[in-house]
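K.L.:
need a 3D model of the following:
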Amino acid sequence: MTSDGTLADLIGPHARREPHRVALVHEKRRWTYGELAATAGAFAGRLHAAGATGGRVAMMLPNSPSTVTTYLACFAAGAVATPLNSRFAPPEIERALRRARPSWLVVHESRLPLLERVDPAVLTGIERVVVDGTDLPAGNDPAPPAPDPDAPAVMFFTSGSTGTPKGVVHSQRSALAMLTSTAQAMGDVGPDDVTQVCEPQVHVSGFIGTLSTLHGGGTVALYDGFDLDTYVEGLLTHRPTLVCTHIDLLAQVVRDPRATAARFASLRGVYTGGDTVPAALQRDFLTVADRPIAVGYGMTEAIWLTIQRTPRTDRDGCIGVPVGGAQLRTDPATGEILVRGPMLMTGYWDDEPLTDASLTDGWLHTGDLGEADADGIWWFRGRLKDLVVRRTSKITPGEVESAIDEHPDVATSAVVAAPDPDEGQVPVAFVVLRPGRTLSADALTTFLTDRIAAYKLPARIHFRDALPLTASGKVAHHDLHEPA
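P.N.:
Predicted coordinates for the structure are as follows:
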């Protein structure tokens, strides 16, 4: 942890001690710690001199060195880094800018055509910095003073169940705690580590994967998005020691017919930030890669909270034990997981009612269901809002999905609630088969009959080529709809 409890000097110790150490590899070019620190420091001075301290600095950037240095510059200047999803369409960009009201916008030149389709009034008064993804404009302003640890440092936009974007605000202190908790969860990231990152750095997943590695003095092999062949080439070229990516990407890498243990040989840890690893995928990974997928539990509002490194193939839902000073408990009335710890957000931007409803005496309501067993290991049981109430019986989609995923022909599945005039709600399954496999709904139902109670059996089963995903790589259950 930095000496003053802020992010202001996040990579400074490594830049001063070993300025020529490689910090970042991107598109066959290498950036040293000294280069990153110098570029970020120059832009930080410019931001501070222009009065950006305390204001929002919006970012429309792909994964690139400019994204890293913009974050570092904002942290040092005391500005609030406000990344926008790289997949936003012009109306979404416009809504986000109206919500955030930034004073600056750092934008990649490839995104400029999108800005031309945004209401000019929204862009009025915003200082625009156009970059090509490699470096930020230089400056000669003096270094800014260290920010207050409790000052806001970063704001992530995330959509809740209503689809309305929420601005999750982290302070200098809580954002640093997110990085140290992530580093601890991934086995104490250090100078000998190489982390391969393809997740968007403007999302919390890519943010923690990149910056926790740089904070530890390691090297980031950075890609802008996922392509199977490119990702595998990276594994063989950079020989990363760590990867932390979405379940669906890990499934593609390990279930690729060409996959052998050799492509995973350099990895000391394979991590995912979801809420559970399907037992079938865990078994595939152990068989092909000869190592498990470790799962960490967390969310944009607080990450990471728990870690489970030892594989559990007997039952889905293990999320492990707390890390980073996190505390978990369940609400005795609802079974909801409540959390608190140093990595907890300060609140939602410009939304005091939502903040008050989500935080009670320092505890965050996660909306997730879970419990700790006798050994203190936590288990995820589903989401409070996703419960299927069939007559008077409550069904968590996760338990039905786990049973479906046990079938050898199934790659992945999702279960959602559907209204029913007689039973109130019924579970409906959407299933993706493994390549080249065939399976009927009747055969799958017969398979499930021996595994779950009759009232949990899906009323209908739909086969799909793929399932919709959220920006964080989880299945977007609310985007699944039955055919008319």
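
K.L.:
what's across from residue 244 in the sheet?
P.N.:
Bridge pairing for residue 244 (DSSP bridges) gives the partners residue 271.

K.L.:
that one: neighbour count?
P.N.:
If you count neighbours by other CB atoms under 10 Å, residue 244 ends up with 26. Quick note: C-beta positions are derived from backbone N, CA and C, even for glycine.

K.L.:
doesn't residue 189 make contact with it?
P.N.:
No. With contacts counted by CB atoms under 8 Å, residue 244 stays clear of residue 189, the gap being 10.0 Å.

K.L.:
residue 55 and residue 104 touch, don't they?
P.N.:
Yes. Here residue 55 reaches residue 104: they are 7.1 Å apart, a contact under CB under 8 Å.

K.L.:
between these two, what contacts are shared?
P.N.:
Here residue 55 and residue 104 have residue 79 as joint contacts, going by CB atoms under 8 Å, 6 or more residues apart in numbering.

K.L.:
now what about stretch 132-146, what contacts it?
P.N.:
Residues from elsewhere that reach stretch 132-146 (CB under 8 Å, 6+ apart): 4, 6, 8-9, 29, 39-49, 53, 61-62, 64-66, 69-70, 73, 76-78, 106, 108-109, 129, 131.

K.L.:
try it again at 6 Å.
P.N.:
Under the contact criterion CB atoms under 6 Å, 6 or more residues apart in numbering, stretch 132-146 has outside partners 4, 8, 39, 42-46, 48-49, 64-66, 69, 77, 108-109.

K.L.:
cool, and stretch 232-241?
P.N.:
Stretch 232-241 is touched from outside by 193-194, 196, 221, 263, 266, 268, with contacts defined as CB under 6 Å, 6+ apart.

K.L.:
can I get those in a markdown table including distance to residue 385 and neighbour count?
P.N.:
Output for the contacts of stretch 232-241, formatted as a markdown table (distance: CB to CB, whole Å; neighbours: other CB atoms under 10 Å):
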| residue | distance to residue 385 | neighbour count |
| --- | --- | --- |
| 193 | 37 | 22 |
| 194 | 39 | 20 |
| 196 | 34 | 26 |
| 221 | 37 | 21 |
| 263 | 38 | 20 |
| 266 | 40 | 16 |
| 268 | 37 | 12 |
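
K.L.:
now for these: which two are most distant?
P.N.:
Distance extremes for those: the farthest pair is 193 and 263 at 18.1 Å, using CB to CB.

K.L.:
check which helix or strand covers residue 321.
P.N.:
Following DSSP states H and E, one finds residue 321 within strand 318-322.

K.L.:
adjacent strands (with direction) for that strand?
P.N.:
Sheet pairing of strand 318-322 (DSSP bridges) gives strand 302-308 (antiparallel), strand 378-383 (antiparallel).

K.L.:
now the shortest one: mean pLDDT?
P.N.:
If I follow you right, that is strand 378-383. The pLDDT scores in strand 378-383 average 87.

K.L.:
now the following helix or strand past it: buried residues?
P.N.:
Following strand 378-383 in sequence order, the next helix or strand is strand 388-390 (DSSP H and E). For strand 388-390, the buried set under the neighbour-count rule, 16 or more other CB atoms under 10 Å, comprises 388, 390.

K.L.:
mean confidence for strand 388-390?
P.N.:
Mean predicted confidence for strand 388-390 is 86.

K.L.:
run through who's touching whatever helix or strand comes next after that strand.
P.N.:
Sequence order places strand 393-395 as the next helix or strand after strand 388-390, per DSSP H and E. Residues outside strand 393-395 that contact it (CB under 6 Å, 6+ apart): 387-388, 427, 455-456.

K.L.:
buried subset of these, written for ChimeraX?
P.N.:
To isolate the buried subset of the contacts of strand 393-395 in ChimeraX, counting by 16+ other CB under 10 Å, use the following:
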select :387,388,427,456
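
K.L.:
how distant is stretch 242-249 from the center of its chain?
P.N.:
Relative to its chain's centre, stretch 242-249 lies at 10 Å (CA atoms, centre = their mean, to the nearest Å).

K.L.:
what comes up buried for that stretch?
P.N.:
Quick answer for stretch 242-249 (16+ other CB under 10 Å): 242-249.

K.L.:
rewinding a little: please, a ChimeraX command that selects the buried ones among the contacts of stretch 132-146?
P.N.:
Entered in ChimeraX, the line below selects the buried ones among the contacts of stretch 132-146, by 16+ other CB under 10 Å:
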select :8,39,42,43,44,45,46,48,64,65,66,69,77,108
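
K.L.:
tell me, what residue is most central in this protein?
P.N.:
The chain has residue 205 as the residue nearest its centroid, 2.9 Å off, counting by CA atoms, centre = their mean.

K.L.:
not including adjacent chain positions, what is the nearest residue to it?
P.N.:
Once flanking residues are discounted, residue 205 sits nearest to residue 199: 4.3 Å by CB to CB, 6 or more residues apart in numbering.

K.L.:
how near is that neighbour to residue 302?
P.N.:
Relative to residue 302, residue 199 is positioned 18 Å away (CB to CB, to the nearest Å).

K.L.:
show me the shaky parts of the stretch 101-250 of the chain.
P.N.:
Within the stretch 101-250 of the chain, the ranges that satisfy pLDDT under 70 run 137, 159-164.

K.L.:
let's see it at 80
P.N.:
Per-residue confidence for the stretch 101-250 of the chain (pLDDT under 80) gives these ranges: 133-140, 159-165.

K.L.:
all helices for it, in order.
P.N.:
With helices called from DSSP state H, counting those that start in this stretch, the stretch 101-250 of the chain shows them at 112-115, 120-123, 172-185, 204-215, 228-238, 247-255.

K.L.:
and this structure, what are its domain boundaries?
P.N.:
12-185, 226-383, 395-479 (automatic domain parsing).

K.L.:
what is the end-to-end distance of the last one?
P.N.:
End-to-end distance of domain 395-479 (CA to CA, to the nearest Å): 20 Å.

K.L.:
just how off-centre is it within its chain?
P.N.:
24 Å.
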